[in-house]
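Participant: Predicted model and sequence follow; I will ask about them next.
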Amino acid sequence: MRPVVTVERMAYGPHGVAHLDGRTIFVRGAAPGDVVRVAIDEEHGSYAYAHVEEVLEPSPHRRIPPCPYLPRCGGCPWQHLQYDVQLAAKQANVRDHLQRLGKIAAPPLSAPIPSPAEFSYRNRLSLRVEQGQIGFYAGGSHELVPIERCLLGNEAVNSLLPEVASLVGRLHSRVRRVEVIADAFEPSGALALAVEGHWRAADDRQLLEWFGRTSSVRGVALRGKRWQRTHGNPRVTIVPAPGVSLEVTAGAFSQVNAMANQILVEMVSRLLAPDHRGVTVDAYAGAGNFSFPLAQQSGTVVAIEADPRAVRDFRANAERLHAENVELVHDTAERALKSIAERGILVARVVLDPPRSGARAVLPYLLHLRPERIVYVSCNSATLARDLAVLSGTYRLEQVQIVDLFPQTYHTETVALLVLTC
């Protein structure tokens with residue numbers, strides 16, 4: 001007989017948490033309050049991974065997911081949870097990371113800010129490709145679930161999916177992933193194709209014929225291990241703040257939730273309290289999501305970015321916006337901040353928006369520079385908590401705020417404000 005467990009809460013991941021005979025059971029497809037019969041998938045001594053075989057007593061927090069590809073598709077592991085329960089679970093997970101990993105006894109967590117839209121919010125989708133089909137992997141596997149439409153994608157993104165399916169279905173090169181990004185103003189978008197191995201020369205003709213027949217895709221960026229090429233113009237427009245339009249290349253980083261990103265940018269600017277004293281540093285600047293809005297309120301903004309694609313976009317945006325008070329440093333954040341510290345530049349404010357691995361490498365230089373304020377934007381609250389612990393002797397953590405950029409998933413965007421104590 002399969003074991004029966006009561007689900008207590010959501011983990012930071014696709015699983016609910018239950019306990020059985022002294023072990024922790026991570027249950028995929030569960031909701032807090034469920035009584036479920038589970039099938040064990042992996043045994044790990046003191047814990048195990050399982051999936052729901054039968055819901056015996058459904059939680060009042062459970063709902064029927066509207067997506068027709070669930071429960072197979074692994075792209076939205078929390079879609080069966082009511083949205084307010086998703087936000088509460090994200091808040092609880094961030095609090096747990098700050099307390100357990102950051103050793104912050106009473107984190108100053110504000111109530112989460114929900115996404116303006118629970119569905120149809122993504123202006124960018126990253127799809128897997130297998131045997132000429134596009135889709136997402138099934139939960140906990142590498143089995144493709146082909147899709148024709150995604151409920152998280154906005155109308156502009158979904159309108160491009162038939163064109164994407166048509167393209168990858170005719171190519172012989174080993175396309176493994178395709179990113180679709182829609183323009184903020186025009187009914188068009190761009191694609192970025194990740195190719196395994198070499199690009200087959202015969203596919204040049206296939207791509208050009210396809211490109212000549214589509215009016216909705218303005219450009220395609222192709223990328224392999226040691227090569228890249230483009231067809232058309234693979235850039236689209238995004239709007240991080242009112243009156244600030246940026247161009248980004250498909251494949252380079254940009255936030256996926258345009259409406260929530262505007263909330264995020266406004267919050268970062270407000271918490272950073274920019275003025276014309278000293279220098280504002282935007283580490284991990286990308287194409288300028290924070291830099292150019294901040295430049296409207298700051299004396300000098302020094303933006304740091306290592307990715308060549310983002311650097312090209314940033315420079316083009318700076319020229320188009322006539323942003324004369326923005327200086328770009330094409331380097332890693334740690335090397336650039338080390339150089340700034342060695343040159344004795346007075347840095348008043350810093351915004352950090354690192355990848356999931358966090359900002360550990362730059363912390364020694366921040367402690368040397370001692371900016372008055374640091375606003376740390378994190379997509380991984382575990383590494384955020386780790387880094388806040390390092391800064392805690394010099395900085396006071398004044399506010400932590402979740403801005404939900406990723407409804408229907410366990411992912412969070414967390415903003416932390418740190419103020420110099422002495």
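Facilitator: Here it is on my side, so go on.
Participant: Could you point out the helix or strand that follows the strand or helix carrying residue 164?
Facilitator: Element membership for residue 164 (DSSP states H and E) is helix 155-170. Of the helices and strands lying after helix 155-170 in sequence (DSSP H and E), the nearest is strand 174-182.
Participant: now the angle between helix 155-170 and that next one, please.
Facilitator: Going by axes from the mean of the first three to the mean of the last three CA atoms, to 10 degrees, strand 174-182 is angled at 160 degrees with respect to helix 155-170.
Participant: For strand 174-182, list every residue counted as buried.
Facilitator: Going by neighbour count (16 or more other CB atoms under 10 Å), the buried part of strand 174-182 is 175, 177-182. Yep, even glycine has a C-beta here, placed from its N, CA and C like the rest.
Participant: Please apply the same query to stretch 205-213.
Facilitator: Neighbour counts over stretch 205-213 (16+ other CB under 10 Å) mark 206-207, 210-211 as buried.
Participant: got a list of what residue 8 touches?
Facilitator: 16-19, 32 (CB atoms under 8 Å, 6 or more residues apart in numbering).
Participant: what packs against the helix holding residue 164?
Facilitator: For helix 155-170, the elements it packs on are strand 124-130, strand 133-137, strand 174-182, strand 189-196, helix 202-213, strand 217-223, judged by 3 or more CB pairs under 8 Å, 6 or more residues apart in numbering; DSSP states H and E.
Participant: Show residues contacting the longest one.
Facilitator: Applying CB under 8 Å, 6+ apart, the contact partners of helix 202-213 are 166-167, 170-173, 217, 220, 231-232.
Participant: same deal with the last one?
Facilitator: The contact list for strand 217-223, computed with CB under 8 Å, 6+ apart, reads 160, 163, 167, 183, 186, 188-195, 199, 207, 211, 228-236, 249-251.
Participant: again, 10 Å this time
Facilitator: Here strand 217-223 makes contact (CB atoms under 10 Å, 6 or more residues apart in numbering) with 160, 163-164, 167, 173, 175, 177-180, 183, 186, 188-195, 199, 203, 207, 210-211, 214, 228-236, 249-252, 309.
Participant: Could you tell me which of these count as buried?
Facilitator: By neighbour count, with 16+ other CB under 10 Å, those hold 160, 163-164, 167, 173, 175, 177-180, 183, 188-195, 199, 203, 207, 210-211, 214, 230-231, 234-236, 249-252, 309 as buried.
Participant: And residue 318, how close does it get to residue 305?
Facilitator: According to CB to CB, to the nearest Å, residue 318 stands 12 Å off from residue 305.
Participant: quick one on the thing from earlier: of all the buried residues of stretch 205-213, which two lie farthest apart?
Facilitator: The largest distance within those, taken as CB to CB, falls between 206 and 211 and amounts to 9.5 Å.
Participant: Buried ones in stretch 379-399, by neighbour count?
Facilitator: Using 16+ other CB under 10 Å as the test for burial, stretch 379-399 gives 379-388, 390-391, 395, 397, 399.
Participant: I'd like the list of those residues that fall within strands, please.
Facilitator: Among the buried residues of stretch 379-399, DSSP state E puts 395, 397, 399 in strands.
Participant: Surely the first one is in contact with residue 375?
Facilitator: Pointing back at residue 395 there. No: contact criterion CB atoms under 10 Å: residue 395 and residue 375 do not qualify, at 11.3 Å.
Participant: Could you name every residue contacting both of the two?
Facilitator: Between them, residue 395 and residue 375 share these contacting residues under CB under 10 Å, 6+ apart: 416-418.
Participant: What's the PyMOL syntax to select whichever of these are buried?
Facilitator: A single PyMOL command is used to select the members of those judged buried by 16+ other CB under 10 Å:
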select buried, resi 416+417+418
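Participant: any low-confidence regions in this protein?
Facilitator: Counting by pLDDT under 70, the chain shows no low-confidence range.
Participant: So which residues of the stretch 301-422 of the chain form helices?
Facilitator: Along the stretch 301-422 of the chain, the segments classed as helices by DSSP state H, counting those that start in this stretch run 308-321, 333-342, 363-369, 381-391.
Participant: Return the most buried member of these.
Facilitator: Stretch with highest mean neighbour count among the helices of the stretch 301-422 of the chain: helix 381-391 (a mean of 21; mean count of other CB atoms under 10 Å).
Participant: Only C-alpha atoms, please: export that one in PDB.
Facilitator: This file holds the C-alpha atoms of helix 381-391, laid out as PDB (Å, rounded to 0.1, in the frame of the first residue of the first chain):
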ATOM      1  CA  SER A 381      16.900  34.200  -1.900                       C
ATOM      2  CA  ALA A 382      19.300  31.500  -0.700                       C
ATOM      3  CA  THR A 383      22.300  33.300  -2.100                       C
ATOM      4  CA  LEU A 384      20.800  36.600  -1.100                       C
ATOM      5  CA  ALA A 385      20.700  35.400   2.500                       C
ATOM      6  CA  ARG A 386      24.300  34.200   2.300                       C
ATOM      7  CA  ASP A 387      25.500  37.500   1.000                       C
ATOM      8  CA  LEU A 388      23.500  39.600   3.500                       C
ATOM      9  CA  ALA A 389      25.200  37.700   6.300                       C
ATOM     10  CA  VAL A 390      28.600  38.900   5.000                       C
ATOM     11  CA  LEU A 391      27.400  42.600   4.800                       C
END
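Participant: Output the contacting helices and strands for it.
Facilitator: Where contact means 3 or more CB pairs under 10 Å, 6 or more residues apart in numbering; DSSP states H and E, helix 381-391 is packed against helix 83-100, helix 363-369, strand 373-378, strand 395-403, strand 413-420.
Participant: As CSV, those with distance to residue 224 would be great.
Facilitator: As requested, the helices and strands packed on helix 381-391 are arranged in CSV below (distance: least, CB to CB, whole Å):
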stretch, distance to residue 224
helix 83-100, 36
helix 363-369, 34
strand 373-378, 31
strand 395-403, 35
strand 413-420, 31
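Participant: what's the neighbour count on the residue lying closest to residue 235 once chain neighbours are set aside?
Facilitator: Spatial nearest neighbour of residue 235, excluding adjacent residues (CB to CB, 6 or more residues apart in numbering): residue 247 at 4.6 Å. Neighbours of residue 247 under the rule other CB atoms under 10 Å: 18.
Participant: Show me which positions of stretch 235-242 end up buried.
Facilitator: Buried, per 16+ other CB under 10 Å, within stretch 235-242: 235-236, 238-241.
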